[in-house]
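Q: Structure, please.
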Amino acid sequence: MTEERPSGNESVMWLGNVGEPYKKWDNGLYIQGNLCGIPVNFLIDTGSTATLIPTSVFHSLSSDYHLTSNSRRLLDVNGNEVKVQGRTELGILIGDTIYHTPVTVCDINGDAILGQDFLLKHITRIDYRKLALCTNTGDIPCWLGGETQMVCKVSATETTVVPPFSRVGVRIYISGSTHLADAGLIEMTTDTFADQDVLLLPGIVNTRMEEKSVTIVNFGSVPVTLYPNMRLGTCESYYEEAAPDIVQAVTSAEYNDNHSNNQEVPPHLTDLLERSSVHISADERRQLALLLTKYENVFSQSSSDLGRTDRVQHRINTGTAHPIRQPTRRLPFGKRDIEKAELEKMIERGVVETIK
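A: The predicted structure follows:
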């Protein structure tokens, strides 16, 4: 079936997205506004030529607003006609600013839509990296509708000095954390501390907690100062499942009670200890040696010394992507001996097993 656009002088408004309720994988860009005291979420739709308000939202407003007849047809992205109730002008409160704009009231589900008419008049730029609408008076923060698509800014909440060759816990604020899953993965961005020997340790946080913190490590020889609202990294939704006791807190006292002060470690961990001791003190090296010795059985001694665990379940979120199927391909003769040798090694290790 092909779509035929109306011809002649017929006036038509085109709608890119009719604003369905949020879904886990929705990548639509949203902002929060207010109409006469009623909170309304607006979908930013550059494919819609008009700003649209659902009929249900309009009926919730004061009776002071009246609709005028509309002579233009409203078509969605597939060319289907959407029923229009009429047009009026409303003041949309976004942040501290009221934007007076014409709106079309129509029968759509879910969110209201900010169309091209609003964007061309009030918005100078859409910053997808910062998730913000840029105006002449400031930025309007946005969020992505699907929690799997949302990437939130992680910033410091107070001034903190990180001494040389040390690590410090820093209290943080996650902008837009209400649009993430209950667990969030915090990581450092590549440009956060580009010219400094500073590292934000990746970690999992409970996004619903009021007070959250991260660990900042300073490998340099000069102090590093973090300021309020300073960008430290990003936070995304995290869905991996682990046993509740998978992470254990072990104190220095426990090390001393169970181990001697000998800093020697098993031979297969010597290189790891040396590489990890470059930027730490002698006392920290001693504690690291004790820790490695205590858990030496969880480290592989060679490429053939592989272990297994049922403590963690790994999931790969593929979203709405469909599985693909490809035919098998013959291996070149020159590589078949290599393949046979590798398979035999994997069978010996118990990684794979033969099928009889």
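Q: could you point out which element follows the least confident helix or strand in the chain by mean pLDDT?
A: The least trusted helix or strand in the chain, going by mean pLDDT, DSSP states H and E, turns out to be helix 252-258, with a mean of 36. With elements assigned by DSSP states H and E, the helix or strand that comes after helix 252-258 is helix 270-276.
Q: Check which residues of that next one are buried.
A: In terms of neighbour count (16 or more other CB atoms under 10 Å), helix 270-276 has its buried residues at residue 273. In short, each C-beta sits where N, CA and C put it, glycine included.
Q: buried stuff in stretch 225-233?
A: 226, 232, 233.
Q: same check, this time on stretch 107-116
A: 108, 110, 111, 112, 113, 114, 115, 116.
Q: List every C-alpha atom in that stretch, with coordinates, as CSV.
A: Extracted C-alpha coordinates of stretch 107-116, given in CSV (Å, rounded to 0.1, in the frame of the first residue of the first chain):
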residue,chain,number,x,y,z
ASP,A,107,-7.7,12.3,20.1
ILE,A,108,-4.2,11.0,20.9
ASN,A,109,-3.2,8.7,23.7
GLY,A,110,-0.5,9.3,26.3
ASP,A,111,1.6,12.4,26.1
ALA,A,112,1.2,15.8,24.7
ILE,A,113,3.5,16.7,21.8
LEU,A,114,5.8,19.7,21.2
GLY,A,115,5.9,20.1,17.5
GLN,A,116,8.0,22.1,15.0
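Q: List the residue ranges of the stretch 101-250 of the chain that fall below the pLDDT cut-off.
A: 241-250 (pLDDT under 70).
Q: how about the helices of it, start to end?
A: Assigned by DSSP state H, counting those that start in this stretch, the stretch 101-250 of the chain shows helices spanning 116-122.
Q: Phi first, then psi, for the residue lying closest to residue 276 once chain neighbours are set aside.
A: The shortest distance from residue 276 to any non-neighbouring residue, by CB to CB, 6 or more residues apart in numbering, is to residue 288 (6.2 Å). The phi and psi values for residue 288, taken as degrees, to the nearest 10, are phi -70, psi -40.
Q: Settle this for me: residue 288 is touching residue 277, isn't it.
A: Yes - using CB atoms under 8 Å, residue 288 is in contact with residue 277, at 6.8 Å.
Q: still on that earlier bit, what's the most distant pair in the buried residues of stretch 107-116?
A: Of all pairs drawn from the buried residues of stretch 107-116, the widest gap by CB to CB lies between 110 and 116 and measures 19.4 Å.
Q: sorry, back to before: so which of the buried residues of stretch 225-233 belong to strands?
A: With strands defined by DSSP state E, the entries of those inside them are 226, 232, 233.
Q: residue boundaries of the strands in the stretch 151-300 of the chain?
A: 151-156, 160-162, 166-174, 183-187, 198-200, 203-206, 212-218, 224-226, 231-237, 241-242 (DSSP state E, counting those that start in this stretch).
Q: Contacts for the second one, please.
A: Right, strand 160-162. 168, 170, 171, 198, 216, 217, 218, 223, 224, 225, 226 (CB atoms under 8 Å, 6 or more residues apart in numbering).
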